[in-house]
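# Please work out how this folds:
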Amino acid sequence: VQLQASGGGLVQPGGSLTLSCTASAGTRLTFLTMGWYRQAPGKERELVAVTSSGGRTNYADSVEHRFTISGDFVKNTVYLQMNSLKPEDTAAYYCKGEGSGDYYGSDFWGQGTLVTVSS
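The predicted structure is shown next:
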């Protein structure tokens, strides 16, 4: 099973980007939660936002009210709408799915997509 993340790029401060992540076709895997993490150069990977199949969401304080996560747990796809981007949002963004059912306890990661916020 692979998660494919896309949507990163170069954007000016104050701009917007939307990231998307979807599981490879044909999988019977289902997710309990899907989320986004990021890792800036020289820093540890940190949680950005997560959403559950029950509709709950959670955000890092640094992105709340600027970023919006949404998930389609039928299509195994998660999105991250990022608005009012700041230079400190520059990082590689990774999606993660927490498996459910037979895959409970297993985490599945995407390959990362780079977001650069710079003028």
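# Identify the bridge partners of the residue most central in space within the chain.
Residue closest to the mean C-alpha point of the chain, counted by Cα atoms, centre = their mean, is residue 36 at 2.5 Å. Beta-bridge partners recorded for residue 36 (DSSP bridges): residue 49, residue 95.
# Could you pull up the residues touching it?
19, 21, 47-50, 69, 78, 80, 93-96 (Cβ atoms under 8 Å, 6 or more residues apart in numbering). Glycine gets a C-beta too; all of them are placed from N, C-alpha and C.
# again, but for residue 3
Counted by Cβ under 8 Å, 6+ apart, residue 3 has contacts 21-24, 95-97, 108-111.
# want to throw those residues into CSV with pLDDT, secondary structure and neighbour count?
CSV is the format used below for the contacts of residue 3 (pLDDT from 0 to 100; DSSP: H, G, I helix; E, B strand; the rest coil; neighbours: other Cβ atoms under 10 Å):
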residue, pLDDT, secondary structure, neighbour count
21, 96, strand, 27
22, 94, strand, 20
23, 88, strand, 22
24, 81, coil, 12
95, 97, strand, 28
96, 96, strand, 21
97, 95, strand, 28
108, 93, strand, 20
109, 94, strand, 15
110, 93, strand, 23
111, 92, coil, 13
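# nearest to residue 73, of those residues?
residue 97 (9.5 Å; Cβ to Cβ).
# residue contacts, that closest one?
When contacts are counted by Cβ under 8 Å, 6+ apart, residue 97 touches 3, 23, 29, 31, 33-34, 76, 78, 107-108.
# Let's see the helix or strand containing residue 79 as CSV, backbone CA atoms only.
For residue 79, the host element (DSSP states H and E) is strand 77-82. C-alpha atoms of strand 77-82 as CSV (Å, rounded to 0.1, in the frame of the first residue of the first chain):
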residue,chain,number,x,y,z
THR,A,77,-8.0,10.5,0.4
VAL,A,78,-7.0,13.4,2.7
TYR,A,79,-6.6,17.1,1.8
LEU,A,80,-5.0,20.0,3.5
GLN,A,81,-6.1,23.5,2.5
MET,A,82,-3.4,25.9,3.6
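# Would you mind measuring from residue 101 to residue 53?
Here residue 101 is placed at a distance of 11 Å from residue 53 (Cβ to Cβ, to the nearest Å).
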